[in-house]
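Peer 1: From the sequence below, what's the structure:
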Amino acid sequence: MNNGHNDPIIDRIKELANRLDKGHNHTPHHSEHVAEYARAVCRMLHIRGKRKDIIINACLIHDIGKSVIGADIWAKKKRLSEIDWYKIQLHPLISAKIAKEMGCDGKVVELIYYHHVWFNGSGYPRKNGHSLKKGNRIPIGARILAICDAYEAMVSRRAYRDGEPSDEAIGELRKHAAEQFDPRIVEVFINTIIKTADTAG
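Peer 2: So this is what the prediction gives:
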């Protein structure tokens, strides 16, 4: 499987990310699945070459910052405290910082940083209470990553819950289109999922 261009820095971080996914029973292979969804969306949007590689590589290492925050917080069944939520909101920033410090392409770093910024400008991280970008100003790769990440998180089984059926997850994406997600890419993603299901069937 080709996971992007051959970049020894990305390979090192992917190894760390894979270790993180396998070490967390609640997120096995999460980053790999997100990257597979993103690859299919890129194909539908005719995004090729280095642009596609940057998106796929960002998907593969987008959660590397979770290794700094700690595994226990992600598996909590009870309501998260304000401190817990604050830590969770730091993970895109920490992931981007790690990627930058290890010498990743600046565009990969940017996609990781913005993948939890909402289409309407909400989400995180924030500066002085405000998002730095919204709408089409958010890099398209980050908008793709956000949708693929959210869908995978909903449908995958975790140690503390079963995954949602695909149609329910699709309903959630549509419900939050234009608010949390780019509505155009939501429809492309849904068509990709339906096409993949039809092919598999």
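Peer 1: the longest helix in the chain is where?
Peer 2: As assigned by DSSP state H, the longest helix anywhere in the chain is helix 82-101.
Peer 1: what separates that one from the chain centre, distance-wise?
Peer 2: Between the mean C-alpha point of helix 82-101 and the mean C-alpha point of its chain there is a distance of 13 Å (C-alpha atoms, centre = their mean, to the nearest Å).
Peer 1: Over to stretch 60-71?
Peer 2: With C-alpha atoms, centre = their mean as the basis, stretch 60-71 stands 12 Å off its chain's centre.
Peer 1: Dump stretch 132-145 to PDB, restricted to CA.
Peer 2: As requested, the backbone C-alpha atoms of stretch 132-145 are provided in PDB (Å, rounded to 0.1, in the frame of the first residue of the first chain):
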ATOM      1  CA  LEU A 132      -7.600  31.800  12.700                       C
ATOM      2  CA  LYS A 133      -9.500  30.500   9.700                       C
ATOM      3  CA  LYS A 134     -13.000  29.400   8.600                       C
ATOM      4  CA  GLY A 135     -14.900  28.200   5.500                       C
ATOM      5  CA  ASN A 136     -12.800  27.800   2.400                       C
ATOM      6  CA  ARG A 137      -9.900  29.600   4.100                       C
ATOM      7  CA  ILE A 138      -9.300  26.400   6.000                       C
ATOM      8  CA  PRO A 139      -6.900  24.200   3.900                       C
ATOM      9  CA  ILE A 140      -8.900  21.700   1.800                       C
ATOM     10  CA  GLY A 141      -6.700  18.900   3.200                       C
ATOM     11  CA  ALA A 142      -7.700  19.800   6.800                       C
ATOM     12  CA  ARG A 143     -11.400  19.900   5.700                       C
ATOM     13  CA  ILE A 144     -11.000  16.400   4.200                       C
ATOM     14  CA  LEU A 145      -9.200  15.100   7.300                       C
END
